[in-house]
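K.L.:
A predicted structure for the sequence below; I have some questions about it.
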Number of protein chains: 2
Amino acid sequence: MHDGPAFAAYPLDRAEPSRRDDAALAALAARPDARVAAFWRLKPLVRDEGGVVAPAWLEVGRAGPPAVFLGLDADGAPVFAAALDPAAEPQSELAPGARFMELREAAGTMDAALASILAAGRSVLAWHASHGFCAKCGAASAPALGGWKRVCSVCGTEHFPRVDPVVIMLIVRDGRVLLGRGPTWPERAYSCLAGFMEPGETLADAARREAKEETGVVLGEVGFLMSQPWPFPSQIMLGLRAEALTEEITIDPHELADARWFTRGEVEAMFAGTHALARTPPPVAVAHHLLRWWLAEG
Amino acid sequence: MHDGPAFAAYPLDRAEPSRRDDAALAALAARPDARVAAFWRLKPLVRDEGGVVAPAWLEVGRAGPPAVFLGLDADGAPVFAAALDPAAEPQSELAPGARFMELREAAGTMDAALASILAAGRSVLAWHASHGFCAKCGAASAPALGGWKRVCSVCGTEHFPRVDPVVIMLIVRDGRVLLGRGPTWPERAYSCLAGFMEPGETLADAARREAKEETGVVLGEVGFLMSQPWPFPSQIMLGLRAEALTEEITIDPHELADARWFTRGEVEAMFAGTHALARTPPPVAVAHHLLRWWLAEG
């Protein structure tokens, strides 16, 4: 359905000045062309139309108050996201023929721009659901700024949605690429090494640390390839290309069940589904596109 | 003192497996070669030796329990960070001739590797100081994993230090660069446009949104140049190069007091201190290095 990584094609104008203006937000929500992406336990309400999944948009108010102002579409129509009560039964009858589906699954056949809207909504709603209290003083906080901020009711501290940077590395050496599989991953699933960045690291620092920790492989030159928002719950995937200086692999069993070097021919077979041991990550994952980039480069 | 951006030269092995092992952490803290970077109200304890500032390391225990295990140096000696009671008077007599200094100021003459250690320590200690409570349920949380995690005492939710990605853009068009100044900045200070990333954005999305919001300038092609950890309190600066498609500037007065296009000759004069209106950001800032890169490219 799309060429680039899923979730990386956000089509809305975030119209940030409107967030600061409660009257403007109310006017946007009252417009007849306003629409809402509804979520229940972080699953978007979608409709499956002949194998292609699309958001089942609701009118404002059908899913309770709009929680997050996501922006304006190309026609200037406002788009919101709202969370249904997670303790109640899922109300898929809110839209005919609709149901709640995991975004990771839905995105497989969804238009990239629509998947990107749901991704942003999911990330911000997940943040609200897990950040109802002030980390500084423990009191309840309340949403503000059209859902893009929370403010503590007692100490007044402002909290903003988290975006957690993750490095993910196309690690190459002598025409081979290093892929690993996590201890709990589905059978045959291999992917690029990745990990959360820590305070005090550059992108290259984080790439080097993760490769060393997980496999013992030492990285040399590191370059940037592509980024992708990843809404589970709110990462920015930083896709890097790295030259390995060493080959020997010693896996950290806390992190990996296996890691090995694959040739271009093997990765082609993985994409074709004919590799005996391994398959590539799905197109929804940035690692899929890093591997495609590497095959095209070779 | 150094060629690259400050805070981007972390020299320690973070030795992540030791964090998971309380006995190993205790053994590291008990070693005679262990040392601690002490902070008071997030200011590191430093010594000024003939105009060159360096950390005033303490033995373990002098500054209370070590709060964060930062890693092992090239000799295998353990390095920790610890926060002194912010409510008490600053105990600079902990080390002869030492005092507490803002890291931003201290880093100006500090060795980049040492400044990078203090930067990581400052970020993690700032996070502990502002995240003593569980954002999910409001109960008190406690440090774990050598200071790299907090765990809620009631609901058990795990919390990890924030790293907030910020895009900062070298925006160019026809041999000129776009620089702006914030409403509260020191006189003559101009820098590259920058802003926090939001959930659902790629790096290019964030760069385009910030340029549009702050100046109305529309960006075309966006590429990656360099990253820098920024410990005020814990950003990862993502230095980008962007081609502008438009020239006209309309500033958002919430964000900027001024923005304008500068020629290479003007930026050279800014570096030389001979520009009538503007000066460059200090070497501690990644924007300084983006501008140096641009002059070298031209």
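P.N.:
Yes, it's here. Residues are numbered from 1 along each chain as shown, chains lettered A, B, ... in the order given.

K.L.:
Let me see the ranges of the strands in the stretch 151-298 of chain A.
P.N.:
Using DSSP state E, counting those that start in this stretch, the strands of the stretch 151-298 of chain A run over A:158-159, A:164-173, A:176-181, A:193-196, A:219-230, A:235-244, A:258-263.

K.L.:
where do the helices sit along the stretch 1-150 of chain A?
P.N.:
Shown for the stretch 1-150 of chain A, the helices assigned by DSSP state H, counting those that start in this stretch span residues A:16-19, A:22-29, A:103-106, A:112-130.

K.L.:
TSV for those helices, including mean pLDDT and distance to chain B?
P.N.:
For every residue, glycine as well, the C-beta is placed using N, CA and C. Listed next are those as TSV, based on pLDDT from 0 to 100; distance: least, C-beta to the nearest C-beta, whole Å:
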stretch	mean pLDDT	distance to chain B
helix A:16-19	94	5
helix A:22-29	96	14
helix A:103-106	95	12
helix A:112-130	97	3
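
K.L.:
just to revisit the earlier point, would you convert the strands of the stretch 151-298 of chain A into JSON lines that also reports distance to residue B:218, mean neighbour count and mean pLDDT?
P.N.:
Below are the strands of the stretch 151-298 of chain A laid out as JSON lines (distance: least, C-beta to C-beta, whole Å; neighbours: other C-beta atoms under 10 Å in any protein chain shown; pLDDT from 0 to 100):
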{"stretch": "strand A:158-159", "distance to residue B:218": "30", "mean neighbour count": "16", "mean pLDDT": "98"}
{"stretch": "strand A:164-173", "distance to residue B:218": "26", "mean neighbour count": "23", "mean pLDDT": "98"}
{"stretch": "strand A:176-181", "distance to residue B:218": "37", "mean neighbour count": "22", "mean pLDDT": "98"}
{"stretch": "strand A:193-196", "distance to residue B:218": "33", "mean neighbour count": "20", "mean pLDDT": "98"}
{"stretch": "strand A:219-230", "distance to residue B:218": "20", "mean neighbour count": "20", "mean pLDDT": "97"}
{"stretch": "strand A:235-244", "distance to residue B:218": "23", "mean neighbour count": "22", "mean pLDDT": "98"}
{"stretch": "strand A:258-263", "distance to residue B:218": "41", "mean neighbour count": "18", "mean pLDDT": "98"}
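
K.L.:
would you turn these into TSV with distance to chain B?
P.N.:
Output for these, formatted as TSV (distance: least, C-beta to the nearest C-beta, whole Å):
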stretch	distance to chain B
strand A:158-159	8
strand A:164-173	5
strand A:176-181	16
strand A:193-196	7
strand A:219-230	4
strand A:235-244	6
strand A:258-263	17
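
K.L.:
right, and the ones you listed - which one's nearest residue B:265?
P.N.:
The minimum distance between residue B:265 and the strands of the stretch 151-298 of chain A falls on strand A:219-230, with 30.2 Å, by C-beta to C-beta.

K.L.:
The closest one vs strand A:176-181, what angle?
P.N.:
Angle between the axes of strand A:219-230 and strand A:176-181 is 50 degrees (criterion: axes from the mean of the first three to the mean of the last three C-alpha atoms, to 10 degrees).

K.L.:
which residues of chain A score low on pLDDT?
P.N.:
For chain A, the stretches flagged by pLDDT under 70 are A:1-4.

K.L.:
The residue nearest in space to the middle of it and residue A:117: what is the separation?
P.N.:
By C-alpha atoms, centre = their mean, the mean C-alpha position of chain A lies nearest to residue A:230, the distance being 1.3 Å. Going from residue A:230 to residue A:117 by C-beta to C-beta, to the nearest Å gives 15 Å.

K.L.:
Likewise for residue A:86?
P.N.:
Residue A:86 sits 21 Å away from residue A:117 when distances are taken as C-beta to C-beta.

K.L.:
out of these two, which sits in the busier spot?
P.N.:
The neighbour count for residue A:86 versus residue A:117, taken as other C-beta atoms under 10 Å in any protein chain shown, is higher for residue A:117 (26 against 11).

K.L.:
OK, contacts around the more buried one?
P.N.:
A:10-12, A:37, A:55, A:70, A:79, B:200 (C-beta atoms under 8 Å, 6 or more residues apart in numbering or on different chains).

K.L.:
Out of the residues you listed, who's the most crowded?
P.N.:
Result: residue B:200 is most packed of the contacts of residue A:117 (other C-beta under 10 Å), 30 neighbours.

K.L.:
Can you tell me how far the residue nearest to that one when sequence neighbours are not counted is from residue B:72?
P.N.:
Spatial nearest neighbour of residue B:200, excluding adjacent residues (C-beta to C-beta, 6 or more residues apart in numbering or on different chains): residue A:120 at 2.7 Å. Note on residue A:120: its distance to residue B:72, by C-beta to C-beta, is 40 Å.

K.L.:
Before I go, just wanted to say thanks for your time.
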